[in-house]
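Participant: After the sequence you'll find the predicted model.
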Number of protein chains: 2
Amino acid sequence: MATTLKDVAALAGVSVATASRAFQRPELVGATSREKVLAAAADLGYSPNRSARALITGRSGVYGVIVPDLENPFFPAVLKGAQARAHQLGSQLLITDAGEAPEGELPLVRTLAAQVDGIVLCSSRMTEDSLREAADITPLSLVNRVSPVLPGVFADPVPGIPSAVRHLHRMGHRRVGYVGGPSVSRSDAVRRTVIERICTEAGMEWTDIGSFPPTVDGGRSGAEAVLLTDVTAVLVYNDFMALALMERLRSFGVDVPEEISVVGWDDIEFSSLVTPGLSTVRVPRYDMGVTAIDLLHDGGRRRNGESHLECLGSSGDEDAQGRSPRHARIGLPSQFVPRGSTAKVTARE
Amino acid sequence: MATTLKDVAALAGVSVATASRAFQRPELVGATSREKVLAAAADLGYSPNRSARALITGRSGVYGVIVPDLENPFFPAVLKGAQARAHQLGSQLLITDAGEAPEGELPLVRTLAAQVDGIVLCSSRMTEDSLREAADITPLSLVNRVSPVLPGVFADPVPGIPSAVRHLHRMGHRRVGYVGGPSVSRSDAVRRTVIERICTEAGMEWTDIGSFPPTVDGGRSGAEAVLLTDVTAVLVYNDFMALALMERLRSFGVDVPEEISVVGWDDIEFSSLVTPGLSTVRVPRYDMGVTAIDLLHDGGRRRNGESHLECLGSSGDEDAQGRSPRHARIGLPSQFVPRGSTAKVTARE
DNA sequence: CCCTGGTGTGCAATCGTTTACGATGGTTCT
DNA sequence: AGAACCATCGTAAACGATTGCACACCAGGG
């Protein structure tokens, strides 16, 4: 049916070995035969059979990506970045929705591992032990999750949080709250501490409003909790929650930003669409996808200097043999995006 | 590295042929050897090498899906449905973002075709000719696009539009407009005619407000165009545009729904989050994904009765040989979801 | 006793590539 | 001139699974 390398070789008048080398190791074949092969290939519209290649090289040219929920607007941009990079590298992306099931992730990794060259785990909720086990099966790269033993990329709260907090300070806010996400979330914990530090540095009062599910409902509950405090501004775990929170505040007759300013996190597309626009901390989702594939591709080796990436740290843990594997953990800078949901403090208490 | 069929066969004390048949054609091997093979496989944690299998069977166990833009909230649910079905069938999904480039879709199909068993094209903007060419290369199934020569699944405007229009009528609206999407869009044309028909049937005045890009900007432009007319309610091509349109109307001091009612299309998640909630025509995205894979899987053959699907029509075109290939074109019912953006007519004019 | 038929199994070819190895011819060095 | 070397290319063996074919074995009928 499809044209094979043998057809190309025949048309070019060379052996299949030479034809193969014309693609794989061009420097090993003579200029004339190389050109004949290339011409024949173009002529026949040849494209190599990836299964055959995978069979012998042991690499499929496909990377797997596991996301917890495709409908969460955080991930598509990550996927786009990952796909762009994968295509540059001649690979494809096998995307899988883990479907809200933390305990299903490890089996999923097992299934996928057999047919991919490595897996990008997004916001994985797997235990550290499961992660280790998964890493034994196949190369892994983490997005939005840090592990001492695995390479990964995450959003650095800096400079987003400092600049958000300073912005609130300039607007006259002195009491700010944080509506957190799931308490198991590492990034939530990090944000919490950074917010606290920056607030105290700026001489502002900080209130932990609690942990909530990272959903619309969580945002609504958050709104109710906010009303029990005297804060004039809140930072919220993600835009989803922040939008629901604004909505809920309004339904209680509390105006945003007149009475309470709200800052979200992620800068999903809708944040700029609502009224008032949601001020938010933008995270470089696309670049995170790109970087995740990079990490997979060079298997944790030294990164090429080409990029805008900023490597914030590496694991120094020593393994049983006393070697010191250094796994890249890359933090990409976040950025505060001011919009209508933050304003000068006026009414509230 | 990984355990192969040979290992399993050796442990079970049979030949690889028997081991293979124990999986593929169990009825051909004796009960005792079958059990020994299965036990050995379980013991070794054997999983077949899909590349090797693909090489000989010519089927990779992977379906491709091409979407125009992953960040468009319409698609994730489709992908989820497609994935669920694919997994049921033992296949994986290779998802690709075509990246806003209609002219890039055909090359993309060519690239993908080599490594998948078929491709689901979502909202393809390819020309009919390109579609035909693509269909020559690999099995195809269309989502949100109908073609006379290809199987596909689309959202049936019924009963969504009739019930939306009746709802507006009950609210006292007599002049409604339609803010359309790209004029090349088939579904746009269909909606247009259905809206017109239902409106006239209900004795309402209908205004075509024009064609706009299916983006936030398109929605904004649509808002301005709406203000040049005297309609009291508009139906909008999709929720994205509808939300931006509401936003824009409001920035012009026009209240929704006090002065103008707005109905969107798709029921993306945010439509229920904004204030007022966006009334919208919900389309069964998840089921469309499921069905698209089904169409690919049974290669346009008769559908099994198991489902809730409603087959609206088949192509009767005859090909050169005079045969009459019947390609399933399946319309899934849409549904009107009333929310706050539609209300009794009051102020306008 | 031979032949037919069915059942269960193994041998070996095959899919399309990659790549180790060896063969060939030509060039350069001593 | 002979050796050593290099560039170039072909032969053939993999990779791991599937499957057509043939073979062995056993039952039963003539």
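Facilitator: All right, it came through fine.

Participant: can we go C-alpha only for contacts and neighbour counts from here?
Facilitator: Will do.

Participant: For the stretch 101-250 of chain A, which segments are assigned as strands?
Facilitator: Counting by DSSP state E, counting those that start in this stretch, the segments of the stretch 101-250 of chain A that form strands are A:119-122, A:140-143, A:152-156, A:175-180, A:205-211, A:233-236.

Participant: Out of these, which is closest to A:Leu89?
Facilitator: A:Leu89 lies closest to strand A:119-122 among the strands of the stretch 101-250 of chain A, at 15.1 Å (C-alpha to C-alpha).

Participant: Is chain B within reach of that closest one?
Facilitator: No - shown here: strand A:119-122 not in contact with chain B (C-alpha under 8 Å from any C-alpha of the partner chain), separated by at least 13.8 Å.

Participant: That strand - contacts with which helices or strands?
Facilitator: Packing partners of strand A:119-122 (3 or more C-alpha pairs under 8 Å, 6 or more residues apart in numbering or on different chains; DSSP states H and E): strand A:62-67, strand A:140-143, helix A:285-297.

Participant: gap between the shortest one and the chain center?
Facilitator: I take that to be strand A:140-143. For strand A:140-143, the distance from its own C-alpha centre to the chain's C-alpha centre is 9 Å (C-alpha atoms, centre = their mean, to the nearest Å).

Participant: Then the first one?
Facilitator: In this view, strand A:62-67 has its centroid 12 Å away from the chain centroid, taken as C-alpha atoms, centre = their mean.

Participant: what's downstream of the helix or strand of chain A with the lowest mean pLDDT, the next helix or strand?
Facilitator: For chain A, the helix or strand with the lowest mean confidence is strand A:311-314, at a mean of 40 (criterion: mean pLDDT, DSSP states H and E). Counting by DSSP states H and E, the next helix or strand C-terminal to strand A:311-314 is strand A:328-333.

Participant: Pull that next one out as CSV, backbone CA atoms only.
Facilitator: C-alpha atoms of strand A:328-333 as CSV (Å, rounded to 0.1, in the frame of the first residue of the first chain):
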residue,chain,number,x,y,z
ALA,A,328,16.5,19.9,36.8
ARG,A,329,13.8,21.8,38.6
ILE,A,330,12.9,24.8,36.7
GLY,A,331,10.9,27.7,37.9
LEU,A,332,9.4,30.0,35.3
PRO,A,333,8.6,33.5,36.4
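
Participant: for that strand, what is the average pLDDT?
Facilitator: The pLDDT scores in strand A:328-333 average 89.

Participant: Could you dump the strands of the stretch 101-250 of chain A into TSV with mean neighbour count and mean pLDDT added?
Facilitator: Below are the strands of the stretch 101-250 of chain A laid out as TSV (neighbours: other C-alpha atoms under 10 Å in any protein chain shown; pLDDT from 0 to 100):
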stretch	mean neighbour count	mean pLDDT
strand A:119-122	26	95
strand A:140-143	29	94
strand A:152-156	25	91
strand A:175-180	25	95
strand A:205-211	18	94
strand A:233-236	26	96
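
Participant: mind putting the ones you listed in a markdown table, distance to DNA strand C included?
Facilitator: Formatted as a markdown table, the strands of the stretch 101-250 of chain A follow (distance: least, C-alpha to the nearest atom of the strand, whole Å):
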| stretch | distance to DNA strand C |
| --- | --- |
| strand A:119-122 | 22 |
| strand A:140-143 | 23 |
| strand A:152-156 | 28 |
| strand A:175-180 | 50 |
| strand A:205-211 | 52 |
| strand A:233-236 | 50 |
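
Participant: Show me which helix runs longest in chain A.
Facilitator: Criterion DSSP state H: the longest helix present in chain A is helix A:186-201.

Participant: Now it - C-alpha only, CSV.
Facilitator: Coordinates of each C-alpha in helix A:186-201 appear next as CSV, following Å, rounded to 0.1, in the frame of the first residue of the first chain:
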residue,chain,number,x,y,z
ARG,A,186,2.6,21.9,47.1
SER,A,187,2.2,25.1,45.0
ASP,A,188,-0.5,26.2,47.4
ALA,A,189,1.9,25.9,50.3
VAL,A,190,4.6,27.7,48.5
ARG,A,191,2.3,30.6,47.6
ARG,A,192,1.0,30.8,51.2
THR,A,193,4.5,31.2,52.6
VAL,A,194,5.6,33.7,49.9
ILE,A,195,2.5,35.8,50.4
GLU,A,196,3.0,35.8,54.1
ARG,A,197,6.6,36.9,53.8
ILE,A,198,5.9,39.6,51.3
CYS,A,199,3.0,40.9,53.3
THR,A,200,4.9,41.2,56.5
GLU,A,201,7.8,42.8,54.7
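
Participant: average pLDDT for it?
Facilitator: 90.

Participant: where does chain A come near DNA strand C, residue by residue?
Facilitator: Residues of chain A lying close to DNA strand C by C-alpha under 7 Å from any atom of the strand are A:1-6, A:16-18, A:20-21, A:23-24, A:46-49, A:52-53, A:55-57.

Participant: Are any of these buried, and if so which?
Facilitator: The neighbour-count test (16 or more other C-alpha atoms under 10 Å in any protein chain shown) marks A:Thr4, A:Leu5, A:Val16, A:Thr18, A:Ser20, A:Arg21, A:Tyr46, A:Pro48, A:Asn49, A:Ala52, A:Arg53, A:Leu55 as buried among those.

Participant: need these in a markdown table with secondary structure, pLDDT and distance to B:Val345, can you?
Facilitator: Compiled in a markdown table, these are given as follows (DSSP: H, G, I helix; E, B strand; the rest coil; pLDDT from 0 to 100; distance: C-alpha to C-alpha, whole Å):
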| residue | secondary structure | pLDDT | distance to B:Val345 |
| --- | --- | --- | --- |
| A:Thr4 | coil | 92 | 67 |
| A:Leu5 | helix | 93 | 70 |
| A:Val16 | helix | 93 | 75 |
| A:Thr18 | helix | 94 | 77 |
| A:Ser20 | helix | 95 | 72 |
| A:Arg21 | helix | 94 | 74 |
| A:Tyr46 | coil | 91 | 63 |
| A:Pro48 | coil | 92 | 63 |
| A:Asn49 | coil | 92 | 63 |
| A:Ala52 | helix | 93 | 66 |
| A:Arg53 | helix | 94 | 66 |
| A:Leu55 | helix | 93 | 67 |
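
Participant: Max pairwise distance over those residues: which two?
Facilitator: Every pair of these checked by C-alpha to C-alpha; the farthest is A:Thr18 and A:Leu55, at 19.6 Å.

Participant: is the closest residue in space to A:Glu196 that isn't next to it in sequence in a bridge, and if so with what?
Facilitator: Counting by C-alpha to C-alpha, 6 or more residues apart in numbering or on different chains, A:Trp206 is the residue found nearest to A:Glu196 once chain neighbours are left out, at 6.3 Å. Under the criterion DSSP bridges, A:Trp206 forms beta bridges with A:Val176.

Participant: With DNA strand D as the reference, measure out to A:Trp206.
Facilitator: Using C-alpha to the nearest atom of the strand, to the nearest Å, A:Trp206 is found at 58 Å from DNA strand D.

Participant: Then A:Glu258?
Facilitator: 65 Å.

Participant: looking at it, that residue is touching A:Thr346, isn't it?
Facilitator: Yes - using C-alpha atoms under 8 Å, A:Glu258 makes contact with A:Thr346 at a distance of 6.2 Å.

Participant: Dump the strands of the stretch 101-250 of chain A to TSV, plus distance to A:Arg220.
Facilitator: Formatted as TSV, those follow (distance: least, C-alpha to C-alpha, whole Å):
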stretch	distance to A:Arg220
strand A:119-122	25
strand A:140-143	27
strand A:152-156	25
strand A:175-180	11
strand A:205-211	12
strand A:233-236	11
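
Participant: So what does A:Asp230 look like in phi/psi?
Facilitator: Dihedral pair for A:Asp230: phi -110, psi 20, per degrees, to the nearest 10.

Participant: same question, A:Ala9
Facilitator: Here is the backbone geometry of A:Ala9 (degrees, to the nearest 10): phi -60, psi -40.

Participant: Wait, it touches A:Phe23, no?
Facilitator: No - judged on C-alpha under 8 Å, A:Ala9 makes no contact with A:Phe23 at a distance of 11.9 Å.

Participant: what's the closest of the helices and strands packed on strand A:119-122 to chain B?
Facilitator: Of all the helices and strands packed on strand A:119-122, it is strand A:62-67 that lies closest to chain B, at 9.0 Å by C-alpha to the nearest C-alpha.
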